[in-house]
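> Any chance you can model this:
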Amino acid sequence: MMETVDQFGGTGRRKRAVARVRIALGQGVVTVNGKPLDEYFSRDSLQQIVRQPLEVTQTSGRFDVDVKTLGGGIAGQAGAVRHGIARALVDMDESLREPLRKNGLLTRDPREKESKKYGRKRARKRFQFSKR
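So this is what the prediction gives:
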């Protein structure tokens, strides 16, 4: 993808969120939109989601991860970052594909919001029925 000297990239998507991820050899610093990981994703569960591909491949302290993410909500962005990191790791080392695939980190979550229908409140919710 975006290969320079020893930088590897991947694009992650989840719901409406998109994350452009670049990994390079370093001390394990993760920055999201210019902020440290724990500042951007304040909940521990979201930080855990983001770190998952690095933990599965035992590479947590070896790479600096730089992420630009936009769209969607905070949880969707965390999922997109996870997907992007997994793809970037595969771009760097093809042998990591198997453990990442086993843990379902390379699969794009296809669930999207269903569009609103006319004559309804939302996609499926109807207005209250009144007999009289």
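> From residue 32, how far out is residue 11?
Computed with C-beta to C-beta, to the nearest Å, the distance linking residue 11 and residue 32 is 15 Å. From N, CA and C alone the C-beta is placed, and that goes for glycine too.
> before we move on, what about residue 91?
Per C-beta to C-beta, residue 91 is found 19 Å from residue 32.
> Which helix or which strand is home to the closest residue to residue 29 other than its chain neighbours?
Nearest residue to residue 29, sequence neighbours excluded (C-beta to C-beta, 6 or more residues apart in numbering): residue 64, at 4.8 Å. Using DSSP states H and E, residue 64 sits in strand 63-70.
> for that strand, packing partners?
Counting contacts by 3 or more C-beta pairs under 8 Å, 6 or more residues apart in numbering; DSSP states H and E, strand 63-70 packs against strand 17-25, strand 30-32, helix 74-92.
> hey, what's the residue nearest to residue 29 bridged with?
Residues in a beta bridge with residue 64, per DSSP bridges, are residue 24.
> coming back round to it: please say which of residue 11 and residue 32 ends up with more neighbours.
Neighbours per residue, other C-beta atoms under 10 Å: of residue 11 and residue 32, the larger number sits with residue 32, 22 against 15.
> Go ahead and confirm that one touches residue 78.
No: in this structure residue 32 lies outside contact range of residue 78 using C-beta atoms under 8 Å: 9.1 Å.
> Give me whichever of the helices and strands packed on strand 63-70 is most buried.
Mean neighbour count, computed with mean count of other C-beta atoms under 10 Å, is highest for helix 74-92 among the helices and strands packed on strand 63-70, reaching a mean of 24.
> after that one, next one along is what?
Toward the C-terminus, helix 74-92 is succeeded by helix 97-102 as the next helix or strand (DSSP H and E).
> For that following helix, name the packing helices and strands.
Applying 3+ C-beta pairs under 8 Å, 6+ apart, one finds that helix 97-102 contacts helix 44-56, helix 74-92.
> pLDDT (mean, whole number) over it?
Averaging pLDDT along helix 97-102 gives 91.
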